[in-house]
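[1] got a structure for you, letters missing:
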Ligand SMILES: [Zn+2]
Ligand SMILES: [Zn+2]
């Protein structure tokens, strides 16, 4: 298998020929047809979360099942699948309480061998996957079968960005019709948050980002108010438009302490603040404790859009198929595996919503 491997933090990825690991009884071998390039891949490359090299990056993919282990029951050869970056074992406490996005089985798959170098070195796959490759061996708990005619590139985005963003609006925030929503950070996930808010029936959607192209895309996706931080304090701009109160829901999709605090201050009293962006492991936030108490704001984390993958992936596919969710326009560039390092550069430069390896 040809895969893009991170051999040391802060170094470019290297395209390498690896051997696939042996197929365990609960593993499936997948031909990868498309893989989105997500900001979290960049965070791993920079050592922001503890996923040690050598590791195949990529956690947002779709493909077709080529082979299954002896005990596999959830998918069969020929199935189209979207890979999930958390497991869904189906039997742990979290899986049995509608919180499979927090499944206890995820830890075990994270550090499984997903490739082997010619010298025998074992290589991890990011989040138990490693979608920057032409093939992957993964646990059946991370392979979600999908019935659809949608192109692979759109299915891939459901593997992370769409599910995280749409799920943040529908599941984590639980946006109700007629409400006001502010979204800070308009990359791929932020655009999906905007669409989730639109699908939920929000009356006003404030889209906040310094990049002009991203704000314009947000408008197409359903934002009603475009806020450029260069035109003055974005918190005040939202408050001015909401009778001085602030938004009912504020979703932070950057993952920086400054923008998390900004989100907290943009929400109205009694409002809900959702941290959707993935911060670095060593990042800390300092909050005004009195206001957390006195303003009765709800501050929530958001893992994978609080989505239950085997329920929600097909649900989001159905929304795409009926034209209620637009994933096609989130694909800014189609690239080859060899162009992965340039895709990282383009993402950092704010040139793209999503590059997809096809
Ligand atoms: Zn991602
Ligand atoms: Zn579980």
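    Cool, got the structure. Just so it is clear, the model here is predicted, and its values are computed rather than measured. Ligands and ions are numbered 1, 2, ... in the order given.
[2] who touches the closest residue to ligand 1 within the stretch 51-200 of the chain in this structure?
    Going by CB to the ion, ligand 1 is nearest to residue 160 of the stretch 51-200 of the chain, at 3.3 Å. (Each C-beta comes from the backbone N, C-alpha and C, glycine too.) For residue 160, the contact set (CB atoms under 8 Å, 6 or more residues apart in numbering) comprises 36, 38, 40, 59-60, 85, 189.
[3] Which other helices and strands does the helix or strand harbouring residue 226 contact?
    Assigned by DSSP states H and E, residue 226 belongs to strand 225-227. Secondary-structure packing of strand 225-227 (3 or more CB pairs under 8 Å, 6 or more residues apart in numbering; DSSP states H and E): strand 204-208, helix 212-221, helix 234-240.
[4] For the stretch 1-150 of the chain, which segments count as strands?
    2-6, 14-17, 27-37, 55-56, 61-68, 80-83, 113-116, 122-125, 135-139, 143-145 (DSSP state E, counting those that start in this stretch).
[5] Averaged pLDDT, the fourth one. What do you get?
    Here strand 55-56 scores 98 as its mean pLDDT.
[6] just the third one next, same as before
    For strand 27-37, mean pLDDT rounds to 98.
[7] and what of the first one?
    Strand 2-6 carries an average pLDDT of 98.
[8] what's it in contact with?
    13-18, 44-45, 53-58, 115, 123, 130, 132-134, 337, 340.
[9] Of those, keep whichever come out buried.
    By neighbour count, with 16 or more other CB atoms under 10 Å, the contacts of strand 2-6 hold 13, 16, 18, 44-45, 53-58, 115, 123, 130, 132-133, 337, 340 as buried.
[10] which intervals of the stretch 101-250 of the chain have sub-threshold pLDDT?
    In the prediction, the stretch 101-250 of the chain carries no residues with pLDDT under 70.
[11] What residues does it have near ligand 2?
    103, 105 (CB under 5 Å from the ion).
[12] which bits of the stretch 101-250 of the chain sit near ligand 1?
    Going by CB under 5 Å from the ion, the residues of the stretch 101-250 of the chain near ligand 1 are residue 160.
[13] Not counting its neighbours along the chain, what's nearest the residue of the stretch 101-250 of the chain found nearest ligand 2?
    Nearest residue of the stretch 101-250 of the chain to ligand 2: residue 103, at 3.3 Å (CB to the ion). Closest residue in space to residue 103, ignoring its immediate chain neighbours: residue 87 at 4.9 Å, by CB to CB, 6 or more residues apart in numbering.
[14] residues near that neighbour, how many?
    26 (other CB atoms under 10 Å).
[15] Hmm, residue 106 and it touching each other?
    Yes: contact criterion CB atoms under 8 Å: residue 87 and residue 106 qualify, at 4.5 Å.
[16] Now do the shared contacts for the two.
    residue 128.
[17] Mind listing what's buried along stretch 100-110?
    100-101, 103, 105-106, 109-110.
[18] closest to residue 254 among those?
    Of all the buried residues of stretch 100-110, residue 101 has the smallest distance to residue 254: 20.4 Å, by CB to CB.
[19] pLDDT score for the residue lying closest to the closest one once chain neighbours are set aside?
    Spatially, and ignoring its direct neighbours in sequence, residue 101 is nearest to residue 304 (4.3 Å; CB to CB, 6+ apart). At residue 304, the model reports a pLDDT of 97.
[20] what separates residue 304 from ligand 2, distance-wise?
    Using CB to the ion, to the nearest Å, residue 304 is found at 13 Å from ligand 2.
[21] out of the strands of the stretch 1-150 of the chain, deepest packed?
    For the strands of the stretch 1-150 of the chain, the largest average neighbour count (mean count of other CB atoms under 10 Å) is found in strand 80-83, namely a mean of 28.
[22] in its sheet, what does that one sit against?
    strand 61-68 (antiparallel), strand 143-145 (antiparallel) (DSSP bridges).
[23] got these as JSON lines, with distance to residue 294 columns?
    As requested, those are exported to JSON lines (distance: least, CB to CB, whole Å):
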{"stretch": "strand 61-68", "distance to residue 294": "45"}
{"stretch": "strand 143-145", "distance to residue 294": "43"}
